[in-house]
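**Q** I would like to see how this sequence folds:
(2 chains)
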There are 2 protein chains.
Amino acid sequence: MTELTATLTTLALAELHGSLADPALESMNFLNEVAGRYPEALSLAAGRPYEEFFDLADIQRYLNRYERYLTEDRGLSAAQVRRAFFQYGRTKGIIHELVARNLSVDEGISVDPESIVVTVGCQEAMFLVLRALRRDERDVVLAVAPTYVGLTGAAKLVDMPVLTVAGGPGGVDLADLTATVHQARAQGLRPRACYLLADHSNPSGLSLDLPTRHALLELAEREDLLLLEDNPYGVFASSPEDRPPTLKALDTRHRVVYLSSYAKTGLPGARVGFVVADQLVANGSDGGSDATPSLLADELAKLKSMLTVNTAPIAQAVIAGKLLTYDGSLVKANEREIALYRENLARLLSGLAQAFPADSGVEWNTPSGGFFLVVSVPFEVDDALLETSARDYGLLWTPMHHFTQDPQARRQLRLAVSLLTPEQVDEGLRRLTRLIADRLG
Amino acid sequence: MTELTATLTTLALAELHGSLADPALESMNFLNEVAGRYPEALSLAAGRPYEEFFDLADIQRYLNRYERYLTEDRGLSAAQVRRAFFQYGRTKGIIHELVARNLSVDEGISVDPESIVVTVGCQEAMFLVLRALRRDERDVVLAVAPTYVGLTGAAKLVDMPVLTVAGGPGGVDLADLTATVHQARAQGLRPRACYLLADHSNPSGLSLDLPTRHALLELAEREDLLLLEDNPYGVFASSPEDRPPTLKALDTRHRVVYLSSYAKTGLPGARVGFVVADQLVANGSDGGSDATPSLLADELAKLKSMLTVNTAPIAQAVIAGKLLTYDGSLVKANEREIALYRENLARLLSGLAQAFPADSGVEWNTPSGGFFLVVSVPFEVDDALLETSARDYGLLWTPMHHFTQDPQARRQLRLAVSLLTPEQVDEGLRRLTRLIADRLG
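**A** Numbers count the residues shown, from 1 in each chain, chains lettered A, B, ... in the order given. Down below sits the predicted model:
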């Protein structure tokens, strides 16, 4: 510390919140830092949407479309329209009816718009749900492994332990889920919910089949557990017309809290996501024991009023305009992206099959869509190997050990297909093949 | 509960996080609910900016201005500009240099742009700071009474007790602040920071004089306390050229964490705020004991990455465009608003003086700017009186008891001058005069 800084106010990290010293955070920092140091490397790491279709003029087009909707379809005066764009808005959001329509059109999910809270990306939605469910030190959340780091991070912020449930080749190991719940209860803990992605999971790429979805819903009912279904990638099925219903679409008893984001399907720069929370809360708002139950969405909105007040109306307006432009369908809005990601995934799968014969010791899974797939290799995949790959091979990917404690993951890497052109995917695969071949000797 | 809802998943409020049963939340709900039930009532309650100057075309103008800045001043390629607007952005924000310039131009505050975190309004900034400072059950935050409800709410989300410090006529009672710190320490608590608005406070309307600012900074240094200075209203001084420096401008030792919002000065619908956190954190990011300290801003950014990931780039772009349009000055950008609020405040003050002679028992303070003033009356000001005022007199205002436990506040009400025209302020004052006269008999 220099003379100058010695006179400045200095806090000790050990005196700040424990999440700041958490290894999960260091993971993200490390991965971003490597990517930053090798900007020219091809990225099979980033789960960001493809950029070549971005068009600045779309922003004004979408804002205009939403303005027209408010004026013509909703009958708002010019002053009311200005207020909707400029002023503080409703805590639960101003585009909830359009979100509900989108869920109906694309997902066959039918929900009351009042059960939707529009959030600052899915990340805020996860935080709100976990904050609500973490009452005291007994409350824990379960998460299917390997687990999206955003969930782990949100749980850290509310000091909520995450108990890992095995994923396995089917996406979720139901026997392990039941055992984990029972074991937690035997220890005096309260497992409140289980988090998972049923479609094209991040990071595994896996999707649940229909029987597993039904069985999972039955399990949740039997064990009195909520399911936190996160679905940012469902739209990107390789065959959008032929995909199993989401858990929420099958959820007759409101066991599922449905989370999603328009970051991949709408526009990342708008930071708009949402949560559907149509569960009832007894003794809600007005406190009386025989009062009408409130919606969990309304309780989440109260937390949001203390966290971000509301999601930027201008950002919501951009997403609303995109939804309106494509008749409520993000499958329709993303036709080009869906085709590109499908092409990239197909090239990656066929390229892997060409490069690595059955006896090579190299294996991979076969996702039915989405951004990710996982490759298993017969040697250790650690951060040093990523560094080597970036420096000597010009290729970025993600070591799977960042997403799970499972020892198997120490020999796995995640590939993402969303940011590159098909030609870049081919080149990326050539570089990966060389890296693996050099490693196998 | 009906037959139908009996089969639905139901949670007990008592099993959810304690903040959801907090009286502070009920306050906000009640106030919003009354306002919602009497939409025709004149509002001397809402601290929202004036709406008549809103112009939808400004949004595109501001977006274009920021695009030009990125292209011409920053030398970004078209692809890089598109990425800046559309893609996920830097966690600490993308407009930090412009925020730093704004602080220099309008406030004489000189800070490293790297010490700024752009947030989803000031509310997220408060949450991040309190989350960082609340390590365990010993950590408490102090707040000058009467206290902005947003601070109270953010503290609830991290289960952090708020210890009240008397405000008094000068804005902060320094003796009480010292006593509160000592008392807390004697109880084994760790007072981490003291929250206050030094300029045109919400809800009191008061500002600190210059000697008090210096004394407060010395006290903070002596007691090893951070000051959380929230400054959304400083720009709205009745004489913008003649106002005392902010605490941050006087802060040679980085004792002040400076929070602000562009909701009042920029555009509420963008939901952009920020925090300046130039304190050092020892044993930060890289952990070694002789490692270079990190900035508190970088630690807050780590928390933000788990909360909202980043503030919508599109919303930041709108604010950036407004800053650029007015050469970095929000005083300049708000010339019309400043004149209007000054006029409204002057009318309110002269009208009160005309209506209530010195022996009437009705008193009020004399803010030097901002949105708020406080009226004291010789009878109880409770929620029932607000209901009567809204229903029978067509006038909304805010009972001060919602902001403090101070018994004096039970005879006080807050008036806001931001949302109405001068003529509406006159009419509002006439209605208030009638209400008070009827009450005085």
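**Q** and the residue nearest to residue A:394 when sequence neighbours are not counted, how many residues sit next to it?
**A** Nearest residue to residue A:394, sequence neighbours excluded (C-beta to C-beta, 6 or more residues apart in numbering or on different chains): residue A:41, at 4.7 Å. From N, CA and C alone the C-beta is placed, and that goes for glycine too. By the criterion of other C-beta atoms under 10 Å in any protein chain shown, residue A:41 has 20 neighbours.
**Q** so how far is residue B:305 from the closest residue to residue A:30 other than its chain neighbours?
**A** Excluding the flanking residues, the one nearest residue A:30 by C-beta to C-beta, 6+ apart is residue A:383, at 6.2 Å. Residue A:383 sits 19 Å away from residue B:305, going by C-beta to C-beta, to the nearest Å.
**Q** With neighbour numbers in mind, choose between those two.
**A** The neighbour comparison of residue A:383 against residue B:305 (other C-beta under 10 Å) goes to residue B:305, with 20 against 14.
**Q** Check the closest residue to that one other than its chain neighbours and give its pLDDT.
**A** Distances taken as C-beta to C-beta, 6+ apart place residue B:91 nearest to residue B:305, at 5.0 Å, with adjacent residues excluded. On pLDDT, residue B:91 comes in at 94.
**Q** if I look at residue A:380, how far off is residue B:255?
**A** Separation of residue A:380 from residue B:255 (C-beta to C-beta) stands at 48 Å.
**Q** For these two, indicate the residue with more neighbours.
**A** residue B:255 (24 against 12).
**Q** Which neighbouring residues are in contact with that one, exactly?
**A** Going by C-beta atoms under 8 Å, 6 or more residues apart in numbering or on different chains, residue B:255 touches A:9, B:217, B:220-221, B:225-227.
**Q** from those, which would you call buried?
**A** A:9, B:217, B:220, B:225-227 (16 or more other C-beta atoms under 10 Å in any protein chain shown).
**Q** Turn these into a markdown table, columns for distance to residue A:299 and pLDDT.
**A** Conversion of these to a markdown table gives the following (distance: C-beta to C-beta, whole Å; pLDDT from 0 to 100):
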| residue | distance to residue A:299 | pLDDT |
| --- | --- | --- |
| A:9 | 38 | 91 |
| B:217 | 41 | 98 |
| B:220 | 37 | 98 |
| B:225 | 34 | 97 |
| B:226 | 32 | 98 |
| B:227 | 33 | 98 |
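**Q** now, which of these sits nearest residue A:123?
**A** Distance to residue A:123, by C-beta to C-beta, is smallest for residue B:226 among these, at 26.6 Å.
**Q** Run through the bridge partners of that closest one.
**A** With DSSP bridges as the criterion, residue B:226 is bridged to residue B:193.
**Q** Distance check, it against residue B:247.
**A** Residue B:226 sits 11 Å away from residue B:247, going by C-beta to C-beta.
**Q** Which residues are in contact with each of these two?
**A** Taking C-beta under 8 Å, 6+ apart as the criterion, residue B:226 and residue B:247 both touch residue B:256.
**Q** give the contact list for the residue nearest to residue A:30.
**A** Going by C-beta under 8 Å, 6+ apart, residue A:383 touches A:30, A:34, A:399.
**Q** Phi, psi for the closest residue to chain B within the stretch 101-250 of chain A please.
**A** Nearest residue of the stretch 101-250 of chain A to chain B (C-beta to the nearest C-beta) works out as residue A:153 at 3.2 Å. Note on residue A:153: backbone dihedrals following degrees, to the nearest 10 are phi -60, psi -50.
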